[in-house]
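Undergrad: Turn this into a structure:
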Amino acid sequence: MSDTSWRLRPRDEWRPYAPTPVSRCRRSDEAILDDLTGQLADHPRLDATGIDVSVQEGCVTLRGIVPSQGQKRIAEAIAAATPGVRDLVDRLRSLTEDTDRAA
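TA: Down below sits the predicted model:
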């Protein structure tokens, strides 16, 4: 009985490697926080200096003030797409939102 499992499959049988989606993996809060704050700081159209981020058991809370509604949406999208985030609490406010309320 010969073991041929070591042989490569023909090219037409190759399948691309499909890892488990990262979003299903459990990441530590510290890893999520580091990843998220780095992405927020590196985004070219986002001024993240007024954003405070906290993470507890995969639940991300964004607090603070950003210059515009567009930047608020960018921050929300980045947080939601960060691997390991299970829930998002958005407590961000935009300066344009405050101006609209005062008028």
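Undergrad: where along the protein do the strands fall?
TA: Ranges of strands in the chain, per DSSP state E, are 51-56, 59-66, 87-94.
Undergrad: Take those strands and lay them out in a markdown table including distance to residue 29, mean pLDDT and mean neighbour count.
TA: Every C-beta, even on glycine, is put in place using the N, C-alpha and C of the backbone. Converted to a markdown table, the strands of the chain look like this (distance: least, C-beta to C-beta, whole Å; pLDDT from 0 to 100; neighbours: other C-beta atoms under 10 Å):
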| stretch | distance to residue 29 | mean pLDDT | mean neighbour count |
| --- | --- | --- | --- |
| strand 51-56 | 4 | 97 | 17 |
| strand 59-66 | 9 | 97 | 18 |
| strand 87-94 | 12 | 96 | 15 |
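Undergrad: In TSV: these, plus distance to residue 42.
TA: Listed next are the strands of the chain as TSV, based on distance: least, C-beta to C-beta, whole Å:
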stretch	distance to residue 42
strand 51-56	13
strand 59-66	16
strand 87-94	18
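Undergrad: Can you tell me which of the ones you listed is nearest to residue 45?
TA: Taking C-beta to C-beta, strand 59-66 is the member of these nearest to residue 45, at 11.0 Å.
Undergrad: Model confidence for residue 11, exactly?
TA: On the pLDDT scale, residue 11 is placed at 51.
Undergrad: nope, residue 26 is what I meant
TA: 84.
Undergrad: same deal with residue 100?
TA: pLDDT, residue 100: 54.
Undergrad: quick one, helices of this structure?
TA: 29-42, 69-81, 95-102 (DSSP state H).
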